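[1] What follows is a protein structure lacking sequence information:
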């Protein structure tokens with residue numbers, strides 16, 4: 001483990017090996033588009049979660065789920081949370097890749 005003391009504070013320094021699965025980026029424009037797309041997706045997920053929070057379960061539950069409206073909400077909210085986590089990690093990793101490319105150019 002490598003512990004560094006810098007002017008502003010202290011912390012643990014390490015190198016991460018990150019693989020962007022099933023993503024090929026040919027230029028900066030494509031990378032910026034992917035970052036914007038991830039941001040858009042995150043905002044959409046947050047909007048949907050807020051909709052669930054602000055709604056009456058009986059008003060948003062489809063007819064085939066009327067008897068189990070709480071289960072419907074639970075399932076859908078959990079799916080959105082999983083999606084939120086995946087998109088957050090993707091957005092973060094894309095940002096790290098962008099920083100890596102910028103640092104490499106310096």
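    Everything's here; your move. Please read all numbers here as calculations on a predicted model, not as lab measurements.
[2] Output the longest helix belonging to the protein.
    Secondary structure of the chain per DSSP state H: the longest helix is helix 69-105.
[3] Could I get the buried residue list for that helix?
    69, 72-73, 76, 80, 83-84, 87, 90-91, 93-94, 97-98 (16 or more other CB atoms under 10 Å). (Glycine included, C-beta is placed from N, CA and C.)
[4] can the residues you listed go into CSV with extra columns for distance to residue 61?
    Below are the buried residues of helix 69-105 laid out as CSV (distance: CB to CB, whole Å):
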residue, distance to residue 61
69, 4
72, 5
73, 7
76, 10
80, 15
83, 20
84, 21
87, 25
90, 30
91, 31
93, 36
94, 36
97, 41
98, 41
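[5] Confirm that residue 11 sits in a helix.
    No: looking at residue 11 with DSSP: H, G, I helix; E, B strand; the rest coil, it is strand, so not inside a helix.
[6] Identify the bridge partners of it.
    Note on residue 11: beta-bridge partners residue 4, judged by DSSP bridges.
[7] ok, now how distant is it from residue 31?
    27 Å (CB to CB, to the nearest Å).
[8] Residue 84 too?
    22 Å.
[9] likewise residue 45?
    Residue 45 is 21 Å from residue 31, by CB to CB.
[10] same deal with residue 91?
    In terms of CB to CB, residue 91 sits 12 Å off from residue 31.
[11] The residue positioned nearest the centre of the chain: what's its closest spatial neighbour, skipping adjacent residues?
    Nearest to the mean C-alpha position of the chain, by CA atoms, centre = their mean, lies residue 88 at 1.6 Å. Excluding the flanking residues, the one nearest residue 88 by CB to CB, 6 or more residues apart in numbering is residue 42, at 6.6 Å.
[12] do residue 66 as well
    residue 58 (7.6 Å).
[13] quick one: average pLDDT of the one helix or strand that neighbour maps to?
    Following DSSP states H and E, one finds residue 58 within helix 57-60. In this model, helix 57-60 has an average pLDDT of 89.
[14] does the residue nearest to residue 66 really touch residue 69, like I thought?
    Yes: contact criterion CB atoms under 8 Å: residue 58 and residue 69 qualify, at 5.8 Å.
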